[in-house]
Every structure is written in structure tokens, then in C-alpha cells.
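A.B. asks: Mind folding the following:
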Amino acid sequence: MNYQLKRTLWISYSGISDFKNCPRLYYLKNLYHTPVTERKIQVVDPYLTLGTVVHRSVDEIYNLEPEKRKDIPLLDRFERIWQFFSGKRGGFSPLKKEKIFYARGRKMIEKLENSQIIHNQSYTIGGDLPKVRLFPDRDIVLVGGIDWVEILPTGSLHIIDFKTGKSEEEKSSLQLPIYLILGNYNFKKPIEKTSYWYLEKDGHPVLRKLNTPQFYIPIIQEKALEIKKAIDKEELRCKHPSGKCFKCEKYEKVISNKAEYVGFDRKMNRELYFVGEDL
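C.D. replies: Purely as a prediction, here's the structure:
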């Protein structure tokens, strides 16, 4: 299979994580397109669905003026979006699992709706995701969707990443550093704080102190070149002795026609597939 790129190589935190976990997983999630629709694929999963619905609910109010954010309760938005991902489309089988994840999501949304932060002024990012060209002579671009950018009383900015999982980000995580870089080169106000907000256990964002953007740029450039090299040399293979690790195995079932097609996510432009234990 020819992995050669004919266009821009987009580098994101999720892409870097996929490549680190399994080069084959990176290929299947980030480069592979279905032969018929030429769209990317997504294996649905309850944990992914939880994060997707919570994030999209908040995303709907981000660019609204604070006084208009209460016109439609955040919980109403959450319930409407959840309906799209109900059942197998959200990776829920048996359905009793859906009730558990739905309840978790409701509590997160209630916590957000009662927080002053989402009722404060946010920094307008615009319709396009912030981008940074990593090299002057290479078509490799860093990109990322930042969950929330709060304007502080000082006029500076507070970047917040909402977390819906139970585990905390490792200290070496590049997620906030990538957002810091993107904000530094795209926003017109200085960034004062960067935080994770673990919505399930914390009532407020947890500050994460970072180095300067210039400190992280060479690290991300190195990872981008590693990915580019693997693509050019067609070395996007699973490193597990069997050729299939648990991270890429479900995606292999999709391209082997052993998964159930459950819908199309228009927002992400991805075909959704359910992979049950019996498939």
C-alpha cells in the first residue's frame, strides 16, 4: 500500500499519540480513506462518545456572548447531541452501559453549567482551527482544537482543556504545550495560564505550569519528522509480534469488513463503525 502524501501533513496531539501507540493505528485513523466514500473511519467507543458529546455541547456555546449562553440550557444541548450517538452508534452494547455513561456525562455538564468560567468572556478563535507551520521548507502544519480560552480580568488568556476520562495526563504530555504554541502564534493576547479540568473529579481547572513555546517546538518538530519519515518509507506497521495489537485490531476489522457500519458523523466527516466482541 502506498502511504506517500500528496498534500499537507497535519500534525496534532491525537495524531502524535496514535503514532506513539501504534504506527498502524496512526495510518488507519489518520491516513486511510474508504474506497467508496473516500472518508476516514472511526471505531465507536463509549469513552470516546462521552468525551465527544460533552465537548460538542460546550462547543455550541463557546462563541456566544455570555448573557446568551443560558438561552438554551447546556444540559438540553447535551441531551440532543447524545441522541445521535445513542445505541451502537455510540459504541453501547449492551444498552445498560449507555445509562452509566449518560449519567456520567450529565454530571459533568451540570458541573460546567454551574461554573462561572463558562459564563465569563471567552476569546474568539474563529471558524478555522489555529495552525502553525512547523518548518519553512516543508508542508507540515501543527493544528489543534482548543476546548476553552477564558479572558482573565488582566486581559490575558487562560487555555483550558476539558477531560472526561478518569486518568490524568502525564507530565510529559504534549497536549497543553501544543495548545500553548498554537495560541502563542494565533491569538492577539498573551497566554497567562494553561489548565486541565478533570470534570469527573474536580470542581475547577487544575493549573499546569509549562515552559515557553520555543522550548516545545523542537520536540514537536522531531515527532513530526518521525511520522513523516515513517510515511515516506511506508513503515506504518504494527510492532506487535502478531502484527495486530489491541489498539489497531478493531480498525483492522473495519477494513476487513468485519465491523458493523452504524452511521456517518458529518461534523468529523468520518464513517462510524461498531466492533462488538462477537465480530
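A.B. asks: what about dumping the CA coordinates of stretch 171-184 to PDB?
C.D. replies: The C-alpha atoms that make up stretch 171-184 are tabulated as PDB, following Å, rounded to 0.1, in the frame of the first residue of the first chain:
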ATOM      1  CA  LYS A 171       3.600  15.400  33.000                       C
ATOM      2  CA  SER A 172       5.300  14.700  29.700                       C
ATOM      3  CA  SER A 173       2.100  15.100  27.700                       C
ATOM      4  CA  LEU A 174       2.300  17.500  24.800                       C
ATOM      5  CA  GLN A 175      -1.300  18.400  24.600                       C
ATOM      6  CA  LEU A 176      -1.200  21.700  26.500                       C
ATOM      7  CA  PRO A 177       2.200  22.600  25.100                       C
ATOM      8  CA  ILE A 178       0.800  22.200  21.600                       C
ATOM      9  CA  TYR A 179      -2.200  24.400  22.500                       C
ATOM     10  CA  LEU A 180       0.300  26.900  24.000                       C
ATOM     11  CA  ILE A 181       2.200  27.000  20.700                       C
ATOM     12  CA  LEU A 182      -1.000  27.400  18.700                       C
ATOM     13  CA  GLY A 183      -2.300  30.200  21.000                       C
ATOM     14  CA  ASN A 184       1.100  32.000  21.000                       C
END
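A.B. asks: so how far is that stretch off the chain centroid?
C.D. replies: 13 Å (C-alpha atoms, centre = their mean, to the nearest Å).
A.B. asks: which residues touch it?
C.D. replies: Defining contact as C-beta atoms under 8 Å, 6 or more residues apart in numbering, one finds that stretch 171-184 is touched by 12-13, 16, 130-132, 142-144, 146, 149, 157, 159, 161, 169, 191, 194-196, 208, 210-211, 213, 216-217, 219-220, 223. Any C-beta I mention is one placed from the backbone N, CA and C, and that applies to glycine too.
A.B. asks: Only the buried members of the residues you listed: can you turn that into a PyMOL selection?
C.D. replies: Remark: buried members of those, expressed as a PyMOL selection using 16 or more other C-beta atoms under 10 Å:
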select buried, resi 12+13+16+130+131+132+142+143+144+146+149+157+159+161+169+191+194+195+196+208+210+213+216+217+220+223
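A.B. asks: Tell me which of the contacts of stretch 171-184 fall in helices.
C.D. replies: 13, 16, 213, 216-217, 219-220, 223 (DSSP state H).
A.B. asks: And those residues, which is closest to Asp59?
C.D. replies: Tyr13 (16.9 Å; C-beta to C-beta).
A.B. asks: Now do the same contact list for that closest one.
C.D. replies: By C-beta under 8 Å, 6+ apart, the contact list for Tyr13 reads 144, 174-175, 178.
A.B. asks: So for the helix or strand where Glu98 lies, what gets flagged as buried?
C.D. replies: Following DSSP states H and E, one finds Glu98 within helix 96-113. Neighbour-count burial for helix 96-113, with 16+ other C-beta under 10 Å as criterion, is recorded at 98, 101-102, 104-105, 108-109, 112-113.
A.B. asks: C-alpha coordinates for it, PDB please?
C.D. replies: Only the C-alpha atoms of helix 96-113 are listed here, as PDB (Å, rounded to 0.1, in the frame of the first residue of the first chain):
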ATOM      1  CA  LYS A  96     -27.300  -0.800  30.000                       C
ATOM      2  CA  LYS A  97     -23.800   0.500  29.600                       C
ATOM      3  CA  GLU A  98     -25.200   3.600  27.900                       C
ATOM      4  CA  LYS A  99     -27.200   4.600  31.000                       C
ATOM      5  CA  ILE A 100     -23.900   4.600  33.000                       C
ATOM      6  CA  PHE A 101     -22.100   6.800  30.600                       C
ATOM      7  CA  TYR A 102     -25.000   9.100  30.100                       C
ATOM      8  CA  ALA A 103     -25.300   9.700  33.800                       C
ATOM      9  CA  ARG A 104     -21.500  10.500  34.000                       C
ATOM     10  CA  GLY A 105     -21.900  13.000  31.200                       C
ATOM     11  CA  ARG A 106     -24.900  14.700  32.800                       C
ATOM     12  CA  LYS A 107     -23.000  15.300  36.000                       C
ATOM     13  CA  MET A 108     -20.100  16.800  34.000                       C
ATOM     14  CA  ILE A 109     -22.400  19.100  32.100                       C
ATOM     15  CA  GLU A 110     -24.200  20.200  35.300                       C
ATOM     16  CA  LYS A 111     -20.800  21.000  36.800                       C
ATOM     17  CA  LEU A 112     -19.900  23.100  33.800                       C
ATOM     18  CA  GLU A 113     -23.200  24.900  33.700                       C
END
